[in-house]
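J.: Any chance you can model this:
(2 chains)
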2 protein chains.
Amino acid sequence: MLKFDEELFVKVVEKEGLSFQSQIEEIVDHICHKGYSNIFLIGAGGTIAMMYPYEYILKSQSTIHVHAEIAAEFIVMNHQHLSEDSVCIFTSVSGTTEDTIAAVEYCRKKGATTIALVAEPNTPLTKMVDFCITTGSEKHSFDTFFMLLYMFVFRFMYNNNEFPQYEQFTKEVSLLPQAILSAVKSFDQKAEEFAIKYKDTEYHMMVGSGNLWGNTYSYAMCILEEMQWIHAKSIHAAEFFHGTLELVVEDTSVILLKGEDETRPLVDRVERFAEKITNNLTIIDTKDFTLDGISEEFRKHFAVSINWAVLSRISVYLERERNHPLELRRYYRKVEY
Amino acid sequence: MLKFDEELFVKVVEKEGLSFQSQIEEIVDHICHKGYSNIFLIGAGGTIAMMYPYEYILKSQSTIHVHAEIAAEFIVMNHQHLSEDSVCIFTSVSGTTEDTIAAVEYCRKKGATTIALVAEPNTPLTKMVDFCITTGSEKHSFDTFFMLLYMFVFRFMYNNNEFPQYEQFTKEVSLLPQAILSAVKSFDQKAEEFAIKYKDTEYHMMVGSGNLWGNTYSYAMCILEEMQWIHAKSIHAAEFFHGTLELVVEDTSVILLKGEDETRPLVDRVERFAEKITNNLTIIDTKDFTLDGISEEFRKHFAVSINWAVLSRISVYLERERNHPLELRRYYRKVEY
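T.: Next up, the predicted model:
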């Protein structure tokens, strides 16, 4: 596959990624033993988007109080639920994202417990937090972070007596890297076809919901807009009919991200509408992938990882077809503001 | 002013709108006396967007647990914090919005207390909820709803011993209709100039934060997209630098909504960037309006109302300049899905 080193993926996500499980359990158990009042999931751009699935999962399955907050806003808004009893979780690929570092400093001043998942070792973020998991590789860092966040969040739920299936779940987490790999391989041709067909398309609507809303938001903003300079609007499937639908005409590119949680009927509704109007409807559905060893019950959760991994295949083919490197920036970290 | 009946505004927003204060206090006091565990602010499109400012205000000033949720998603997601001790607040202009009605039914089944603000009398919604404020006029319904929501939210905070300034605040709420009227008049020419200059512009970025994020989201989706069929992307000012900035070039229309809460510096940061890059930067700043009798302390809250009212002036001039009626729809309530 284009720009996909399978051996590296297995090393980073499966071998090294899974090895963090006992460390994560120790961290969570320590916090739960001490007691905490709520969990803050904090990030900027791709890393706040990455938190939205876990906020959704907690809201829909747990009574733990959870707040997903945008880093730069969080440090000025005086959130009244942040206290020394709060647990604040961050992720960062580079370990140097300014907004995130400022938010960690803010949370520490408030006496909260801070946890970070960081790809790059020995970066500012790794040294600032109470607990840091350093994955060591920028490659496949999002795949690894998603997996580690499952471990964190479901351990908190387990300790809160809300997830008796924890042991089974962790067994399935250990199968996730291979499931991702298999999904990516089976999607690869579709990704290439998408990139060839849409390389000159100037605007996409991306629609998703539930635990896939974060990916919807992130792919539109952090990949299509930031890395390919293509206009893209992310629209929540439940909100699509309250405005954006009026812009759909017969050649509008509409991309639906279908997962397997309770909100799937909301995306079905958009599909029923869009298939009548546009000839450029793309459906990316986690149900298309077998996910060996993953039980029906947990497929919906792992859909977040699967969806992100297959979307990432589209990125590399867009890069090639459009001759536009994913790393190219006009302004970010280049212009002062 | 074009399509603005001042007499009607005064009747609907000031005379009738303000008259609901004692009724609202009775409702809130009754609920607080009985006890409640959290507040859900629920809506769809414009009416969930309208709730975001109050979610922000509560998070930043109160320990009351608050959740703003999209109606159609809320009824399928099994939100674990919804219970018979929850207070669920809705607004609807028509009283017939399907998603909202379904959400009210859902909340009632869970035994929660339901409150609605509805413009049209004798509509399904008015009969379904425990407490209904029927304003009686679709005209200026958002202006009225915003004002009534201040009354609700700050009364909850007052009863929670978090807002000793309540008496002063309600005095200032009573001055708000005239402050809006004055702001609208002083902005009207700028609104017309904007519509003339940008009538053929095919894409706008709208940027806001804090308690103006809801207006930012709503104006892009429910006015520019739905009512004018113009592509518009709403971007949170704190997120702007994590993707969308890369699309700004010298003729990109960027509209900044500046309010007066703690997040203003985030919009300042976008301004410093955008003014270097594009010639089509529009700043709509509540600081430009005098707001007679409104204290410095409370201006930030009333900025929500003021911002929405002045944005609405742009809508009527866009309608005229583009010869595109605001009521025109391709699909909404016309196509089955």
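J.: Against chain B, how distant is A:Asn215?
T.: 14 Å (Cβ to the nearest Cβ, to the nearest Å). Where you see a C-beta, it was placed from the backbone N, CA and C, and this is true even at glycine.
J.: quick one: contacts for that residue?
T.: A:Ala49, A:Pro53, A:Gly208, A:Leu257, A:Val304, A:Asn307, A:Trp308, A:Leu311 (Cβ atoms under 8 Å, 6 or more residues apart in numbering or on different chains).
J.: and it, what helix or strand is that in?
T.: Taking DSSP states H and E as the definition, one finds A:Asn215 inside helix A:213-218.
J.: Which parts of the stretch 1-150 of chain A are helices?
T.: Counting by DSSP state H, counting those that start in this stretch, one finds helices in the stretch 1-150 of chain A at the ranges A:6-9, A:18, A:21-34, A:46-49, A:52-61, A:71-74, A:98-109, A:124-128, A:141-159.
J.: and the angle for the fifth one with helix A:141-159?
T.: If I follow you right, that is helix A:52-61. If you take axes from the mean of the first three to the mean of the last three Cα atoms, to 10 degrees, helix A:52-61 sits at 20 degrees to helix A:141-159.
J.: Centroid-nearest residue for chain A?
T.: The centroid of chain A falls nearest to A:Met50 when counting by Cα atoms, centre = their mean (3.1 Å).
J.: That one: what's it in contact with?
T.: Counting by Cβ under 8 Å, 6+ apart, A:Met50 has contacts A:Gly43, A:Thr91, A:Phe142, A:Phe145, A:Phe146, A:Leu149, A:Gly214, A:Ser218.
J.: coming back round to it: continuing past the helix holding A:Asn215, what's the next helix or strand?
T.: helix A:226-228.
J.: Tell me the pLDDT of the one residue in the stretch 51-200 of chain A that gets nearest to chain B.
T.: Across the stretch 51-200 of chain A, no residue is closer to chain B than A:Ala72, which sits at 3.8 Å (Cβ to the nearest Cβ). A:Ala72 carries a pLDDT value of 98.
J.: Burial check on the closest residue to it other than its chain neighbours, number of neighbours?
T.: For A:Ala72, ignoring the flanking residues on the chain, the nearest one in space by Cβ to Cβ, 6 or more residues apart in numbering or on different chains is B:Ala238 at 3.8 Å. Neighbourhood size, B:Ala238 [other Cβ atoms under 10 Å in any protein chain shown]: 29.
J.: show me what contacts B:Ala238?
T.: A:Ala44, A:Ile70, A:Ala71, A:Ala72, A:Glu73, A:Asp99, B:Ser209, B:Thr263, B:Leu266.
J.: Determine which of the helices of the stretch 1-150 of chain A approaches B:Gln189 most closely.
T.: helix A:71-74 (32.7 Å; Cβ to Cβ).
J.: How far off centre is that closest one?
T.: Its chain's C-alpha centre and that of helix A:71-74 lie 18 Å apart, by Cα atoms, centre = their mean, to the nearest Å.
J.: What residues does the stretch 201-337 of chain A have near chain B?
T.: A:203, A:209-210, A:221-222, A:225-226, A:229, A:231, A:233, A:235-239, A:241-248, A:262-263, A:265-266, A:269-270, A:272-273, A:276-277, A:329-332, A:335, A:337 (Cβ under 8 Å from any Cβ of the partner chain).
J.: Filter these down to the buried ones and hand me the PyMOL line.
T.: Listed next is the PyMOL selection for buried residues among these, using 16 or more other Cβ atoms under 10 Å in any protein chain shown:
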select buried, chain A and resi 203+209+210+221+222+225+226+229+231+233+235+236+237+238+239+241+242+243+244+245+246+247+248+262+263+266+269+270+273+277+331+337
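J.: Can you list which of the residues of the stretch 201-337 of chain A next to chain B are found in helices?
T.: A:Glu226, A:Pro265, A:Leu266, A:Arg269, A:Val270, A:Arg272, A:Phe273, A:Lys276, A:Ile277 (DSSP state H).
J.: Closest one of these to B:Glu193?
T.: Closest to B:Glu193, out of all of these and judged by Cβ to Cβ, is A:Glu226, at 32.4 Å.
J.: What score does that closest one have for pLDDT?
T.: Confidence score, pLDDT, at A:Glu226: 97.
J.: Quick check: it touching B:Phe240?
T.: No. Counting by Cβ atoms under 8 Å, A:Glu226 stays clear of B:Phe240, with 10.9 Å between them.
J.: Got the domain ranges for chain A?
T.: For chain A, automatic domain parsing gives the domain ranges A:6-170, A:176-321.
J.: Which neighbours do A:Glu226 and B:Phe240 have in common?
T.: Going by Cβ under 8 Å, 6+ apart, no residue sits against A:Glu226 while also sitting against B:Phe240.
J.: Show me which residues of the stretch 1-150 of chain A are close to chain B?
T.: Residues of the stretch 1-150 of chain A lying near chain B (Cβ under 8 Å from any Cβ): A:44-46, A:48, A:56, A:59-63, A:65, A:67, A:70-73, A:76-81, A:99.
J.: Show the buried residues in those residues.
T.: Buried by 16+ other Cβ under 10 Å: A:44-46, A:48, A:56, A:59-62, A:65, A:67, A:70-73, A:76-77, A:79, A:81, A:99, out of the residues of the stretch 1-150 of chain A next to chain B.
J.: re the thing from before, between the domains of chain A, which one is nearest to B:Thr282?
T.: That would be domain A:176-321 among those, by Cβ to Cβ, at 18.7 Å.
J.: I'd like the distance from that closest one to the chain centre, please.
T.: Averaging C-alpha positions (Cα atoms, centre = their mean) puts domain A:176-321 13 Å from its chain's average.
J.: Correct me if wrong: A:Thr286 contacts A:Ser305.
T.: No. Assessed by Cβ under 8 Å, A:Thr286 is found out of contact with A:Ser305, at 9.3 Å.
J.: between these two, which one's more packed in?
T.: Counted by other Cβ under 10 Å, A:Thr286 and A:Ser305 do not tie: A:Ser305 has more neighbours, with 28 against 23.
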